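Student: Here is a sequence with its predicted model. Questions after.
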Amino acid sequence: MLLTDSRDIYRQSECIRRQITTARLRSRTSSCLDGSVMASSLISRQFAFSLQKNLRLSAPGNIVSKAAPKTQVEFDYDGPSMKTSVPGPRSEELTKQLGHIQNVGAINFFCNYEESRGNYLVDVDGNRMLDIYTQISSIPIGYTLVNRPALGILPPENFPEKLTESLVSVAPSGMTRVQTMACGSCSNENAYKAMFIWYRYEMFASSGIVSLTSLFVSQSPGCPELSILSFMGGFHGRTMGCLATTHSKAIHKLDVPSFDWPIAPFPRLQYPLEEFTRENAQEEARCLEEVEDLIVKWRQKGKPVAGVVIEPIQAEGGDNHASSDFFRGLRDIARKHGCAFHVDEVQTGGGTTGKMWAHEHWGMEDPADIVSFSKKLLTGGYYHKDEFQADKPYRIFNTWMGDPSKNLILSEVLNVIRRENLLEEVTALGRC
Ligand SMILES: Cc1ncc(COP(=O)(O)O)c(C=O)c1O
């Protein structure tokens, strides 16, 4: 749902309040869900009240003092109603569409959230079901006008279309698949998992599971000794896997155990560049040599490097740049040693370098296997080549898998970037 101004937000809050009141009244006669509905109705009263209070504080006075117009007809359901088998034909069609963009193995069916109310979830084929599980325990006050779907299992009808309009429309070269996530760290964390899963398939043409017992005690071979190579000064987030590849500031890492993964030097260029051409070329060659040495060393240690992760410009760890030749050389080394190449564009993506993706400046046809994003793209996630899609559902999964409302906002942001030629403007201003 795209809320365009404070008036819209206020109207929505009014509608929510009215629906919550209806749900509360209805809950008195509901027998099977009495406890949970009563609890949620108490919460919902509180929620509606504070939502209204907050909006009243933030919106201009003359808007909030008006009674909000009735924008939706209130209605109620008195039981389930099934019209097709589940998933129905429309859900099947949409699942097929979304399957061109991401893994759809966990999807139950597509939902019509406008028609869903209270405890009843309506699918795109018109089936109305009593949702006793509240999706993944994630619908706090029943279905109202504001719903946050668990995207991996119950996406809204327009999800494939909105993904296509937003993220897919700016996909990096060679990538048509995108997995949405919430933040930058969880995008990288899941991208690392995708690289590990891919690596095992490359090695063994299967997931390599030989004993389930090793898995549950987090031991090899089920949980193999693999590694990700990262760069000194790099920042990839603060969750456990990401933190093992973050080397920017001490405060991020202090007291937190980590993995024994290789860390290569990032070039330290001297400026002005034109005066240090030879020195900088030597510095970049030294770093690339070190990368190759580390890949070999970690393989010998029994912890092969499944992937290399790098920022096109180190941001959090300083404003550190390297030449396009350096990145091209690095990409070649990764390919030569069978390592996946992950470009973390959480900070650089979204147009601030004059291109949608900073790695476009390298001028490569095959610049990366995975490109992660967040921040200016408003939703987190990662693009990937086809072969980096996990083979089974729930291997790359969490409750939200992003937030569809962010795709709507992103579509508008991209429209503005295009309409106002902002990339060209950034490029022109950058030259001044
Ligand atoms: C390059 C890069 N990767 C990952 C992250 C982590 O993103 P988040 O803070 O959303 O977890 C950041 C955040 O600054 C970043 O700059």
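Tutor: Happy to help now that I have it.

Student: okay, and the helix or strand of this structure with the least pLDDT?
Tutor: When the helices and strands of the chain are compared on mean pLDDT, DSSP states H and E, helix 61-64 comes out lowest with a mean of 35.

Student: Beta-bridge partners for the residue lying closest to residue 154 once chain neighbours are set aside, please?
Tutor: In this structure, residue 154 finds its nearest non-sequential neighbour in residue 111, 5.1 Å apart by CB to CB, 6 or more residues apart in numbering. To be clear about C-beta, it is placed using only N, CA and C from the backbone, and glycine gets the same treatment. Beta-bridge pairing of residue 111 under DSSP bridges involves residue 123, residue 156.

Student: Now do residue 111 against residue 388, distance only.
Tutor: 28 Å (CB to CB, to the nearest Å).

Student: Give me the more crowded residue out of these two.
Tutor: residue 111 (26 against 23; other CB atoms under 10 Å).

Student: I figured the more buried one hits residue 158, correct?
Tutor: No - taking contacts as CB atoms under 8 Å, residue 111 lies outside contact range of residue 158: 10.5 Å.

Student: mean confidence score for stretch 114-121?
Tutor: Across stretch 114-121, the average pLDDT comes to 96.

Student: From the chain's centroid, how far away is the host helix or strand of residue 415?
Tutor: Secondary structure assigned from DSSP states H and E places residue 415 in helix 404-419. Distance of helix 404-419 from the chain centroid (CA atoms, centre = their mean, to the nearest Å) equals 16 Å.

Student: cool, stretch 386-397 as well?
Tutor: With CA atoms, centre = their mean, you get 14 Å for stretch 386-397.

Student: so who does residue 159 touch?
Tutor: Under the criterion of CB atoms under 8 Å, 6 or more residues apart in numbering, the neighbours of residue 159 are 94, 98, 110, 151, 404, 407.

Student: closest to the ligand among the residues you listed?
Tutor: Distances from the ligand to these, taken as CB to the nearest ligand atom, are shortest for residue 407 (16.9 Å).

Student: Look at the spatially closest residue to residue 384 that is not a sequence neighbour and report its pLDDT.
Tutor: Leaving aside its sequence neighbours, residue 384 sits nearest to residue 370 (CB to CB, 6+ apart; 4.7 Å). We have a pLDDT of 98 for residue 370.

Student: what's the answer for residue 240, then?
Tutor: At residue 240, pLDDT is 97.

Student: For residue 187, see how far away it is.
Tutor: For residue 240, the distance to residue 187 - CB to CB - is 15 Å.

Student: Neighbour count: the two, which is higher?
Tutor: With neighbours defined as other CB under 10 Å, residue 240 and residue 187 compare such that residue 187 has more, 30 against 13.

Student: give me every residue that touches the more buried one.
Tutor: 181, 346, 372, 373, 374, 380, 381, 382.

Student: Of those, which belong to strands?
Tutor: Judged by DSSP state E, those include 181, 372, 373, 380, 381, 382 as members of strands.

Student: Please give me every residue in contact with the third one.
Tutor: Contact partners of residue 373, counting by CB under 8 Å, 6+ apart, are 184, 187, 345, 346, 349, 350, 380, 381, 382, 383.

Student: Show me which residues of the stretch 251-400 of the chain sit near the ligand.
Tutor: Counting by CB under 6 Å from any ligand atom, the residues of the stretch 251-400 of the chain close to the ligand are 311, 315, 316, 344, 346, 347, 374.

Student: just these now: which is nearest residue 415?
Tutor: residue 374 (20.1 Å; CB to CB).

Student: Using just helix, strand and coil, how would you label residue 308?
Tutor: strand (DSSP: H, G, I helix; E, B strand; the rest coil).

Student: Which pLDDT value goes with it?
Tutor: 99.

Student: Quickly note the distance from the nearest residue to residue 143 once chain neighbours are set aside to residue 141.
Tutor: Excluding the flanking residues, the one nearest residue 143 by CB to CB, 6+ apart is residue 116, at 3.8 Å. Counting by CB to CB, the gap from residue 116 to residue 141 is 13 Å.

Student: cool, residue 169 as well?
Tutor: 34 Å.

Student: One more: residue 167?
Tutor: Relative to residue 141, and taking CB to CB, residue 167 is found at 29 Å.

Student: what separates stretch 228-246 from the chain centre, distance-wise?
Tutor: 18 Å.

Student: Counting neighbours, what do you get for whichever residue of the stretch 51-200 of the chain sits closest to the ligand?
Tutor: Relative to the ligand, the nearest point of the stretch 51-200 of the chain is residue 184 (2.2 Å; CB to the nearest ligand atom). Residue 184: 25 surrounding residues under other CB under 10 Å.

Student: mind showing which ranges of the stretch 101-250 of the chain have poor pLDDT?
Tutor: 205-210 (pLDDT under 70).

Student: how about 80 then?
Tutor: 203-211 (pLDDT under 80).
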